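**Q** Just a sequence and a predicted model for now, questions to come.
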Amino acid sequence: MNYMKILVCSDSHGRLGLMLDAMEKERPQRVFFLGDCYRDGQALADAYPDVPMELVKGNCDWDKAPEELVVEAGGVKFLLTHGHRYYVKSGTDQLARAAREKGVDVACFGHTHDALNMPDRGVLLFNPGSAGGVHARAGYGVIVVSGGIYRADLR
């Protein structure tokens, strides 16, 4: 395999159905879960122990877990965060600035429940929306990476 498919989910809030369906439909090689409800991410990891998963906690999570991770996949560097610490409900400027400072290619975040796939001065800002369909249409994201090149899609 010359590419890697990454499933990106956030804000499930106790509703695992879409994430489980997405695992079966997309057959990802890796998963990024961006918080709110961290336990849902853990349940997904338990259900698919052979799929590497990176999970961060959100503002509604009290688990002892990372609030942010910087990871690499297929030559692409990702910032994984829920987004509340960057006040993304008021705009993405702080997140974009932090992503550039950290030298990442893609900043994956949640919190707003609004899907977003937007370049910002050299960094892709990617929010998969709410996997639980809370206050928004239910959705997730897929990022395909290969040799430092990526394609991000909202579903």
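**A** That came through, no problem.

**Q** can you give me phi and psi for residue 64?
**A** When quoted as degrees, to the nearest 10, the phi and psi of residue 64 stand at phi -80, psi 100.

**Q** ok, now the one 10 residues further on?
**A** With angles defined as degrees, to the nearest 10, residue 74 shows backbone torsions of phi 60, psi 30.

**Q** go on, residue 107?
**A** Geometry field for residue 107 lists phi and psi as phi -110, psi 110, criterion degrees, to the nearest 10.

**Q** Which of the three states applies to the closest residue to it other than its chain neighbours?
**A** Counting by Cβ to Cβ, 6 or more residues apart in numbering, residue 107 lies nearest to residue 99, which is 3.9 Å off, once chain neighbours are set aside. C-betas here are computed from N, CA, C, even on glycine. Classification of residue 99 into helix, strand or coil gives helix, according to DSSP: H, G, I helix; E, B strand; the rest coil.

**Q** measure residue 99 to residue 77 for me?
**A** Computed with Cβ to Cβ, to the nearest Å, the distance linking residue 99 and residue 77 is 9 Å.

**Q** hang on, the earlier thing: show the contacting residues for the residue nearest to residue 107.
**A** When contacts are counted by Cβ atoms under 8 Å, 6 or more residues apart in numbering, residue 99 is found next to 79, 106-107, 123, 125.

**Q** now swap in residue 16 and tell me
**A** 40, 43-44.
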